[in-house]
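# Got a predicted model here, sequence first, then my questions.
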Amino acid sequence: MQFIDQAKIEVEAGKGGDGIVAFRREKYVPTGGPSGGNGGRGGSVFFVADENLQTLLDFRYNHRFQAEKGTRGGPNNCTGAGGKDLIIEVPCGTTIYDAETGELLGDLTEPKQTLLIAQGGKGGLGNQHFLSNRNRAPEYALPGLPGEIKQLRLELKLLAEVGIIGLPNAGKSTLISSLSAARPKIADYPFTTLIPNLGVVRKPTGDGTVFADIPGLIEGAAHGAGLGHDFLRHIERTRVLLHLIDATSDDVVRDYNTIKEELQAYGRGLAERPQILALNKIDAVDRETVDLEALATQLNHLSYAPVFVISAVTRTGLEPMLQEIWGILDQMKVPQEVEVFR
Ligand SMILES: Nc1nc2c(ncn2[C@@H]2O[C@H](COP(=O)(O)OP(=O)(O)OP(=O)(O)O)[C@@H](O)[C@H]2O)c(=O)[nH]1
């Protein structure tokens, strides 16, 4: 299953600097020749693929990109300085379309791959350029040319890294809305009745991670009850499972076990996937009758997984839970050390 992150942006390359009209003024030379320099070239706009980015999140906040202009030419035939190129970093796998024509402009698949997307304008010619036998004192120069302007649509296929699992009503959709900074669109959607909830959650490092949940994991899902198979197939590609349990349930341990058994019955390594548990809705728990700490400890002993107590509604406890998730994802990126035997 694929999700698509999209962004529309405008890029504008720098205008070229204007050429100028100037004449030499030297002692004892009453009418010096033309000496107006050319304008500098405007900066161009490039895309470069960066393997550390995973989403187009930043483009939701920043829609317009402009490279530097070239500067005007100077007297004494001085050419103006060129404008600095603008390099825009995008995740590997970003496809770039012309938003107006729909034309595919490029596909950045490899790290560091670069694409020139908008060419800076040429600098205008200064009047020294127009000196000829017929015109010894040209009084004109050309303005710099405008840089290319393009409306672009960026597209990126996303992979959900964190799968939120739990019984119906555990609060999965609520949690995704509380956490997420953006909602990507779902593409190539193979099922008709099952709509996953997606959210891009911003990491402290800036870029986002996709969280996904599909409503409706129920007992018997692994055997195809309800929409179970579809659900499980979907979370198969996630790297961490966040198992959400309703703390107001009358039997939290039974709820935990129900989902655990579904994962085991489905196989394919889902039950062994790194998992963290979160007891949700603690704002609604009657602390007089329910000992949350004891419940968390009990679940921890059962699952060997870290257990957090949270409220998706009041956002209590979400930060430490996210820290744990980032920690696990980071660890998975560290290459395994190779042991050397001597
Ligand atoms: N008091 C309280 N209620 C919550 C909390 N999180 C979710 N709820 C409520 O629990 C109900 C179910 O929440 P959802 O987010 O729809 O649960 P879900 O797991 O996505 O449910 P399915 O889509 O059926 O799988 C809603 O009425 C939420 O308002 C919470 O932290 N505290």
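Nice, I can see it.

# How many neighbouring residues does the residue lying closest to Ala160 once chain neighbours are set aside have?
Nearest in space to Ala160, with sequence neighbours left out and distances taken as CB to CB, 6 or more residues apart in numbering, is Ala212 at 3.6 Å. No exception for glycine: its C-beta is placed from N, CA and C like everyone else's. Neighbours of Ala212 under the rule other CB atoms under 10 Å: 25.

# And Ala212, its phi and psi?
phi -140, psi 140 (degrees, to the nearest 10).

# Now do the contacts for it.
Phe3, Ala160, Val162, Gly163, Ile164, Pro196, Asn197, Leu198, Gly199, His234, Ile235, Thr238 (CB atoms under 8 Å, 6 or more residues apart in numbering).

# and what of Asp283?
Ser311, Val313, Thr314, Thr316.

# Including neighbour count, secondary structure and pLDDT, could those residues go into CSV?
Shown next, in CSV, are the contacts of Asp283 (neighbours: other CB atoms under 10 Å; DSSP: H, G, I helix; E, B strand; the rest coil; pLDDT from 0 to 100):
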residue, neighbour count, secondary structure, pLDDT
Ser311, 22, strand, 97
Val313, 16, coil, 95
Thr314, 13, coil, 96
Thr316, 13, strand, 96
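
# For these, work out which two are farthest apart.
Largest separation among the contacts of Asp283 by CB to CB: Val313 and Thr316, giving 8.7 Å.

# near the ligand too, which of the contacts of Asp283?
Restricting the contacts of Asp283 to those near the ligand by CB under 6 Å from any ligand atom leaves Ser311, Val313.

# Looking at the contacts of Asp283, which is nearest Ala182?
For the contacts of Asp283, the minimum distance to Ala182 (CB to CB) is 20.5 Å, reached by Val313.

# In this structure Pro75 contacts Ala22, no?
Yes. Judged on CB atoms under 8 Å, Pro75 makes contact with Ala22 at a distance of 4.1 Å.

# So between these two, which is more surrounded?
Counted by other CB under 10 Å, Pro75 and Ala22 do not tie: Ala22 has more neighbours, with 21 against 16.

# Which pLDDT does the model give the more buried one?
pLDDT for Ala22: 92.

# Repeat that for Asp250.
For Asp250, the predicted pLDDT is 91.

# What count of nearby residues applies to it?
Asp250 has 7 neighbours, counted by other CB under 10 Å.

# Could you give the backbone dihedrals for it?
Dihedral angles for Asp250 - degrees, to the nearest 10 - are phi -80, psi -10.

# With Asp58 instead?
The phi/psi pair for Asp58 (degrees, to the nearest 10) is phi -60, psi -30.

# so how far is Gly206 from it?
To Gly206, Asp58 is 8 Å away according to CB to CB, to the nearest Å.

# Compare those two and say which is more crowded by neighbours.
Asp58 (16 against 10).

# so who does that one touch?
Gly206, Asp207.

# mind redoing it with 10 Å?
Residues near Asp58 by CB atoms under 10 Å, 6 or more residues apart in numbering: Ala7, Ile88, Glu89, Val90, Arg202, Gly206, Asp207, Gly208.

# Between these, identify the one with the most neighbours.
When neighbours are counted by other CB under 10 Å, Gly208 leads these with 25 neighbours.

# Okay, and the beta partners of that residue?
Arg202 (DSSP bridges).

# That one contacts Leu156, correct?
No. Gly208 is not in contact with Leu156 according to CB atoms under 10 Å; the separation is 11.0 Å.

# what residues are shared contacts of the two?
Asp5, Leu53, Gln54, Thr55, Leu56, Pro184.

# which residues touch Val320?
Residue 320: Pro, not Val. With CB under 10 Å, 6+ apart, Pro320 has these contacts: Pro306, Phe308, Val309, Ile310.

# Over to Glu51?
Applying CB under 10 Å, 6+ apart to Glu51 gives the contacts Pro91, Cys92, Gly93, Glu110, Pro111, Lys112.

# how close does it get to the ligand?
Separation of Glu51 from the ligand (CB to the nearest ligand atom, to the nearest Å) stands at 33 Å.

# Which helix or strand contains Ser173?
Following DSSP states H and E, one finds Ser173 within helix 172-179.

# Check the offset of that helix from the chain's centre.
19 Å (CA atoms, centre = their mean, to the nearest Å).

# about what we covered before: what sits in contact with each of Val313 and Thr316?
Asn280, Ile282, Asp283.

# So which of those sit within strands?
Counting by DSSP state E, the shared contacts of Val313 and Thr316 place Asn280 in strands.

# Which positions within stretch 82-91 qualify as buried?
Under the neighbour-count criterion of 16 or more other CB atoms under 10 Å, stretch 82-91 has Gly82, Gly83, Asp85, Leu86, Ile88, Val90, Pro91 buried.

# what's the spacing between that stretch and its chain's center?
Relative to where its chain is centred, stretch 82-91 has its mean C-alpha point 17 Å off (CA atoms, centre = their mean).

# Please renumber the chain so that the first residue is 130 from this point on.
Okay, residue one is now 130; in that scheme the one you just asked about reads as stretch 211-220.

# With only the CA atoms kept, save that stretch in CSV.
What follows is stretch 211-220, C-alpha atoms only, in CSV (Å, rounded to 0.1, in the frame of the first residue of the first chain):
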residue,chain,number,x,y,z
GLY,A,211,26.6,36.2,-10.6
GLY,A,212,23.7,35.4,-8.2
LYS,A,213,24.1,32.4,-5.9
ASP,A,214,22.4,29.2,-7.1
LEU,A,215,19.6,27.9,-4.8
ILE,A,216,19.8,24.2,-3.9
ILE,A,217,16.6,22.7,-2.6
GLU,A,218,17.0,19.4,-0.8
VAL,A,219,14.3,16.8,-1.3
PRO,A,220,14.0,13.2,-0.2
